[in-house]
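> Here is a sequence together with a model predicted from it:
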Amino acid sequence: MSNSLIATFGASSAKSTDLSALDLGERGAALCAMADLHLAVPPGFVLSTKAYCAIAAGEAAEIANLKTEITKGLATIERETGCALGDRKNLLLLAVRPSLPAALPGTLEALLNLGLNDETVEGLGASAGDLAFAHECYRRFIQNYAHVVMGDDPAAFEDLLSLFIEERGYVSSREIKSSDGPELTQRFKAQIQSSNDRIFPQSVHEQLWNAIAGLVRAWQGPRAKAQRKLHGLKDDTGFAIIVQAMVFGNQNEGSGTGHAASRHPQTGESALHGEYLEDAQGPDLDARLRQSTLLSGAGVSLEATLPDAHATLVTALNKLEHERRDAVEVDFTIAQGSLWLLDLRPARRTTAANLKILTDLVAQKRITEEQALLRIDPLQLDQLLHSTLDPAAKREVVAQGLGASPGAASGMIIFDADEARTLAGQGHHVILVRTETAPEDIKGLHLADGVLTTRGGMTSHAAVIARGMGKPCVSGASSLKIDTAEGVLKAPGMTLHKGDIITIDGSSGQVLKGQVAVIKPSLSGDFATVLGWADKSRRMKVRANAETLHDAKLARDFGAEGIGLSRTEHMFFEGDRIIAMREMILADSEKERRAALAKILPMLREDFVGLFSIMAARPVTIRLLDPPLHEFLPSQNDEIEALAKNLGANPSNFKKRLAELREQNPMLGHRGVRLLLSYPEITDMQARAIFEAAALVQAQSGKAPIAEIMVPLVAARAELSAVRARIDAVAKDVARETGQKIEYMVGTMIELPRAALKAADIAEVAEFFSFGTNDLTQTTYGISRDDSARFIGEYTNRQIFPRDPFVSLDVDGVGELITMAVERGRQGRPDIQLGICGEHGGDPDSIAFFEQAGLDYISCSPFRVPIARLAAAQAFLKFSNKS
Ligand code: PEP
Ligand code: MG
């Protein structure tokens, strides 16, 4: 931090200051920067955060220094403007504004028209040729001063004004005459005196110092404190104060105020964008009292009315964008035809606009590709991965709900999940419409184009599942009523029937009648360019977690470089497989189990052929069966009896078997490698399906698939080596039978603390490790990943945990286990391949940790792949200090 207390800016100061943006606050730094570029900024000075600290601490010597500096600063303003504070002939009025360390809207108020008193008000009236206007400015200033400096409620002044208007028999404040001015001002001053027992100062210098001190006090008040907390700023954070000459946008027709950006906020196209309000000051624009006009164009616009000011604005914005190396937005005032810039900030933009701006800046060589990458929030890319409604299409809104999962889709209204599934299977487009969804609706959800619920919030079942599947969801559209008996969906003033077409927009939450044109996400253009840069700038590979062909294709489209986790248990649920699987589980002998598994084998082989073909010679990690067997069996009594009957089994034997399978704590029970060791025929069957599929694809395509067979829940080397021996034996058999060389690796998940501890040992029999951070988090904390939602919210609210460790990796604890396992794993096998496939693989903060931990790849759900590609690049750039 510099020692200077103030920084002066204006046309006459060559380079305004050595103070940093931190010392000057956002607005103060912006004004100094614009003045340095010789852009027209009303002259002024900034009291730095150091000045704030001195006033706040009451340091007498420093305050005396500061007052001398203020006098000098004021002299500079007076020299530049040719006016003087308190001089009624050449009147200088000041604006005193807070300059905060970050955007904290509504925290502190500015003081405008400082310098008005009973005498100078006459001077302003004379120079403006409008005494009523001068009195109005004075009144506004008194009210503003009372609020900022004395903490008075502005409502008391508004009441006074209303009373006066009533007394005079006026209809509105517009009828107030200049002759009313002194009387009204008197009442305003008396109001201050009665509520504070203090007199409104006629000394303009006293006004200035009191304004500064008032802002300092307000920054220490409860409202500002709460805002600091809300925005994560430390309570002792300081701020700066700007004292600047007033310019008037409300003096005549050649005046006004507005804001302008160098780019279109939606598209990022280079074009002046913003609005202008003639004969107005900043607050009038914010209050939207009148209709503003466009900046450019032949119609009613700034360009048409004040072409010179418009041209100056265009030049200024181009210059600022060039210098700032970013799209910018300014606040401006035009005073009698002259343009003044009052604030500067990065332009607002959508993600698509941001990518356009960044690709332009890179093309213009204003920034490097690496710098551009670091300016994108990876999570924001999600906006671009989904279909959107065509903005040009006509819309008839039926209801408004919550935009719970992004994307837009049209389809028939269907109220029943099974029916939705059947119709979607026949090729119809379907929107599943439910009051709420339940787990048994998942199959319908899987095939529907989107889901609409009339109840539930952003974390309702439908919302969570739809987001996971990347499908649009509107939830909580409460104005809609479903009548399933009648087969109708009632909206205010409209009744829709089952089978009618609707469109949902999961981003805005709108439900629309009929088919509305939808634009498919464009993963080309700027998006592809930016991700291409990311791919060049990252070290870690990015794979996807996928088991269905649909997800695998999606993953490839999003740029996945392989599959990092294929959870094979999902393959056992479809169609006839579940029947054979249940036969296997309920069989009494190994022979019967093998017979049941033999029925499943060809189906699994077909699945693997699909995955290997889509991934074309890229690695595919297939995890052997993981969950406990009871997950494949029904739990309700009537379902159990029906199943027993179906399988020709005795219901009581059947129930006995079910009771045997029941566990107190199945997630820590007979699952993963433990199950594979108890039922080696499952390992054999899965390994055979994988190798036969690999041999088939190799024979057909000539490209050798890379199968990485992964064993779950390993805690000890002996577990892995026993399973590995069987896999190797099957590989030999299949190679002999097919005459093909089978390329494969065998590895394990590291998802138990013991596995992390014994990583060196385990690595001797594992060619790769993949960190299963979901289970590793669960077992490290001893917190059930399925039930944690009950209290994790409270934990994070109370800052007991900084974040939900199932969402963002606990770098301190679970991270330490990972770091240790990486090190020990490499001791056991120096070239061991290391990856991660838990949910954390799609979380940018966790990805930054995986980069530092030196993992070879991350694997995440398909929709997270682009996010992970970018986050991996950012992590590499930051960690290797290349930015
Ligand atoms: C894990 O535990 O992190 C993992 C990827 O496996 P699953 O989520 O299937 O238990
Ligand atoms: Mg797991």
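Thanks, I have it. Ligands and ions are numbered 1, 2, ... in the order given.
> Okay, now the unreliable bits of the chain?
Residue ranges of the chain with pLDDT under 70: 1-3, 13-17, 289, 439, 458-459, 882-883.
> Mind naming the longest helix for it?
When the chain is parsed with DSSP state H, its longest helix is helix 590-615.
> Quick one: list the elements packing against that helix.
Contacting helix 590-615 under the criterion 3 or more C-beta pairs under 8 Å, 6 or more residues apart in numbering; DSSP states H and E are the following elements: helix 549-557, strand 563-567, helix 577-586, strand 619-623, helix 680-701. No exception for glycine: its C-beta is placed from N, CA and C like everyone else's.
> in the first one, what's buried?
Read it as helix 549-557. 551-552, 554-556 (16 or more other C-beta atoms under 10 Å).
> one step back: any idea how far the longest helix of the chain is from the chain center?
The chain centre lies 41 Å from the centre of helix 590-615; the measure is C-alpha atoms, centre = their mean, to the nearest Å.
> go on, stretch 375-384?
Using C-alpha atoms, centre = their mean, the offset of stretch 375-384 from its chain centre is 7 Å.
> What of stretch 307-325?
31 Å.
> neighbouring contacts of it?
Stretch 307-325 is contacted by residues 33-34, 37, 39-40, 260-263, 272, 295-296, 301-303, 327-328, 330, 332, 334, 337-339, 341, 344, 346, 361, 366-367 when judged by C-beta atoms under 8 Å, 6 or more residues apart in numbering.
> quick one on the thing from earlier: can you tell me which of the buried residues of helix 549-557 comes closest to ligand 1?
Using C-beta to the nearest ligand atom, Asp551 comes nearest to ligand 1 of the buried residues of helix 549-557, at 14.3 Å.
> From what I see, the closest one and Ala544 are in contact.
Yes - applying C-beta atoms under 8 Å as the test, Asp551 and Ala544 come out as touching, 7.3 Å apart.
> overlap in contacts of the two?
861-862.
> count of neighbours near the closest residue to Gly509 other than its chain neighbours?
Once flanking residues are discounted, Gly509 sits nearest to Gly403: 4.0 Å by C-beta to C-beta, 6 or more residues apart in numbering. For Gly403, the neighbour count with other C-beta atoms under 10 Å is 20.
> before we move on, what about the one 4 residues further on?
Other residues near Gly407 number 24, with proximity taken as other C-beta under 10 Å.
> ok, now Met584?
The burial count for Met584: 24, using other C-beta under 10 Å.
> The one 4 residues further on too?
The tally of other residues near Asp588 (other C-beta under 10 Å) stands at 9.
> how near is it to ligand 2?
Distance, Asp588 to ligand 2, by C-beta to the ion, to the nearest Å: 30 Å.
> Let me see the backbone angles for that residue.
When read as degrees, to the nearest 10, the backbone of Asp588 gives phi -90, psi -20.
> now do Ala30
According to degrees, to the nearest 10, Ala30 has phi -60, psi -40.
> hang on, it packs against Leu344?
Yes - taking C-beta under 8 Å as the definition, Ala30 is a contact partner of Leu344 at 3.8 Å.
> ok so, going back, residues of the longest helix of the chain that come out buried?
Neighbour count says helix 590-615 has 593-594, 596-597, 599-601, 603-605, 607-615 buried, by 16+ other C-beta under 10 Å.
> That one to helix 577-586, inter-axis angle?
Per axes from the mean of the first three to the mean of the last three C-alpha atoms, to 10 degrees, the angle that helix 590-615 makes with helix 577-586 is 140 degrees.
> Please name the bridge partners of the closest residue to ligand 1 within the stretch 551-700 of the chain.
Among all residues of the stretch 551-700 of the chain, Arg567 sits closest to ligand 1, at 5.2 Å; criterion: C-beta to the nearest ligand atom. In this entry, Arg567 is beta-bridged to Arg623, by DSSP bridges.
> Just list the residues touching the residue nearest to Lys50 when sequence neighbours are not counted, thanks.
Spatial nearest neighbour of Lys50, excluding adjacent residues (C-beta to C-beta, 6+ apart): Leu5 at 5.9 Å. The neighbourhood of Leu5, defined by C-beta under 8 Å, 6+ apart, consists of 47-48, 50-51, 54, 62, 65-66, 69.
> Next one: Leu5 from Gln220, what distance?
Taking C-beta to C-beta, to the nearest Å as the measure, Leu5 falls 19 Å from Gln220.
> what's the answer for Thr435, then?
Thr435 is 51 Å from Gln220, by C-beta to C-beta.
> So between these two, which is more surrounded?
The neighbour comparison of Thr435 against Gln220 (other C-beta under 10 Å) goes to Thr435, with 13 against 10.
> and that one, what does it touch?
Taking C-beta under 8 Å, 6+ apart as the test, what Thr435 contacts is 453-455, 482.
> Could you rerun that using 6 Å?
Going by C-beta atoms under 6 Å, 6 or more residues apart in numbering, Thr435 touches 454-455, 482.
> so how far is Asp551 from the residue in the stretch 301-450 of the chain positioned nearest to ligand 1?
Nearest residue of the stretch 301-450 of the chain to ligand 1: Ile442, at 16.4 Å (C-beta to the nearest ligand atom). Distance check for Ile442 against Asp551: by C-beta to C-beta, it reads 15 Å.
> ok, now Lys490?
Distance from Lys490 to Asp551, by C-beta to C-beta: 36 Å.
> The stretch 751-883 of the chain: helices as residue ranges?
For the stretch 751-883 of the chain, the helices defined by DSSP state H, counting those that start in this stretch cover 753-757, 759-763, 773-781, 789-797, 814-828, 844-853, 865-879.
> To Ala226, which of those lies closest?
Among these, helix 789-797 comes nearest to Ala226, with 16.2 Å by C-beta to C-beta.
> Can you name the residues in contact with the closest one?
801, 804.
> measure Leu385 to Asp500 for me?
29 Å.
> Comparing these two, which shows the higher neighbour count?
Applying other C-beta under 10 Å to Leu385 and Asp500 shows that Leu385 carries more neighbours, namely 21 against 14.
> shouldn't that one be in contact with Pro521?
Yes - if you go by C-beta atoms under 6 Å, Leu385 and Pro521 touch, sitting 5.5 Å apart.
> Identify the residue nearest the one residue in the stretch 51-200 of the chain that gets nearest to ligand 1 in space, chain neighbours excluded?
Closest residue of the stretch 51-200 of the chain to ligand 1, C-beta to the nearest ligand atom: Ala102 (36.5 Å). Residue nearest to Ala102 in three dimensions, not counting chain neighbours: His231, with 6.0 Å by C-beta to C-beta, 6+ apart.
> Check Lys645 too.
Pro651 (7.6 Å).
> gap between the one you found and Ala517?
55 Å.
> ok, now Arg139?
Distance from Arg139 to Ala517, by C-beta to C-beta: 54 Å.
> And Asn354, by the same measure?
Counting by C-beta to C-beta - Asn354 and Ala517 are separated by 25 Å.
> same check, this time on Leu47
Going from Leu47 to Ala517 by C-beta to C-beta gives 55 Å.
> again with Val243
Val243 is 54 Å from Ala517, by C-beta to C-beta.
> Between those two, tell me which one has more neighbours.
Under the criterion of other C-beta under 10 Å, the comparison of Val243 against Ala517 puts Val243 first, with 24 against 14.
> Show the contacting residues for the more buried one.
44-45, 94, 96.
> can you give me the strands in the stretch 1-150 of the chain?
Using DSSP state E, counting those that start in this stretch, the strands of the stretch 1-150 of the chain run over residues 6-9, 44-47, 84-85, 91-92, 94-99, 111-114.
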